[in-house]
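Asker: quick one: sequence plus predicted model below, questions after.
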Amino acid sequence: MKNSIFLLVLFVLTGCSQQLVFERKQYNSSYSPSYTTSYNSATIKMEVLEAKNDENINKIIFDNIKELSSFIDSQNITINNYNQLTKGFVETYKKAKNNTPESKIKNWDFEIESNIEYETEEFVNIGINYTSSYGDASGFGGKRSLLFNKLTGNQLKMDDIFTNTKAVSKLVEAKFRAKYKVNNSIPLNQQGYCFETGSFYLTQNIFFNIEGVKFLYNINEISSYEKGAYEVFLSYQEIDNYLLIK
């Protein structure tokens, strides 16, 4: 009897220890030696999720945030963690400022926030929101989706999510054409779009919620900056037969 109780307690404790738990952390940095409304300052604010017990997930989230920060001078600055990333942002700004006549350069601002978009016993959907403006260049912003298997910590790819990616792509394309009034007889790229392959394809930004699945094309992904983002939503009733995760 004592052995049975011991095994039961051990099973419960082991199960609890394997639960995927996230904590929210902030990493900020700024530079403003002679602050004015529009010039001579740099500010970076990051509010990120970190798994307490899964370094693989943490690495993937960090690598994606680092990729979104590609304008930072990573060739001359070591960036292996969030503190180095925030420092790199400020150092890159200082370098740009020193190369500008009269040391006058418009403010740089970069903000990132990661959140749990949706979660089941099987998987978790992390969303990364980002906005940026720097110098005279046009600012950018968007949202990136990451899907993880909660038991293994592995990132889920298309073939891990859908039974038939081509069939899902056709469903999304049909909704896309209907929503945005796309002429079926004219190639997409002759109608103001810029699909790299010349034909429609699924975005990597797939977001789950309680009602269904959203496919998000960020600004500049398939069309010009001025036209903004595009999104297509499929209810679970429409897509359930193709889902490998639920």
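Answerer: All right, it came through fine. Residues are numbered from 1 along each chain as shown.
Asker: and the helix or strand containing residue 64, what does it pack against?
Answerer: Assessed by DSSP states H and E, residue 64 sits inside helix 55-68. Other helices and strands packing on helix 55-68, by 3 or more C-beta pairs under 8 Å, 6 or more residues apart in numbering; DSSP states H and E, are strand 42-51, helix 82-98, strand 108-119, strand 123-134, strand 140-149. Using the backbone N, CA and C atoms, a C-beta is placed for each residue, glycine as well.
Asker: output those in a markdown table; the columns should cover mean neighbour count, mean pLDDT and distance to residue 192.
Answerer: Shown next, in a markdown table, are these (neighbours: other C-beta atoms under 10 Å; pLDDT from 0 to 100; distance: least, C-beta to C-beta, whole Å):
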| stretch | mean neighbour count | mean pLDDT | distance to residue 192 |
| --- | --- | --- | --- |
| strand 42-51 | 20 | 94 | 34 |
| helix 82-98 | 18 | 90 | 33 |
| strand 108-119 | 18 | 95 | 29 |
| strand 123-134 | 19 | 93 | 25 |
| strand 140-149 | 19 | 94 | 19 |
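Asker: of all those, which one is nearest residue 218?
Answerer: strand 140-149 (3.6 Å; C-beta to C-beta).
Asker: now do the closest one: which elements does it pack against?
Answerer: With contacts taken as 3+ C-beta pairs under 8 Å, 6+ apart, strand 140-149 sits against helix 55-68, strand 123-134, helix 158-161, strand 206-208.
Asker: how about the contacts made by residue 211?
Answerer: 235-236 (C-beta atoms under 8 Å, 6 or more residues apart in numbering).
Asker: same question for residue 134.
Answerer: 71, 93, 106-110.
Asker: that older thread, got CSV for the helices and strands packed on helix 55-68, with distance to residue 62 too?
Answerer: Formatted as CSV, the helices and strands packed on helix 55-68 follow (distance: least, C-beta to C-beta, whole Å):
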stretch, distance to residue 62
strand 42-51, 8
helix 82-98, 7
strand 108-119, 10
strand 123-134, 11
strand 140-149, 11
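Asker: relative to residue 180, which of these is closest?
Answerer: Taking the helices and strands packed on helix 55-68 one by one with C-beta to C-beta, strand 140-149 is closest: 18.1 Å.
Asker: who touches the closest one?
Answerer: Strand 140-149 has contacts (C-beta under 8 Å, 6+ apart) with 57, 60-61, 64, 68, 117, 122-132, 154-156, 160-161, 204-208, 216, 218-220, 229, 245.
Asker: beta partners for the residue most central in space within the chain?
Answerer: Nearest to the geometric centre of the chain sits residue 144, at 2.3 Å (C-alpha atoms, centre = their mean). Beta bridges link residue 144 to residue 128 when assigned by DSSP bridges.
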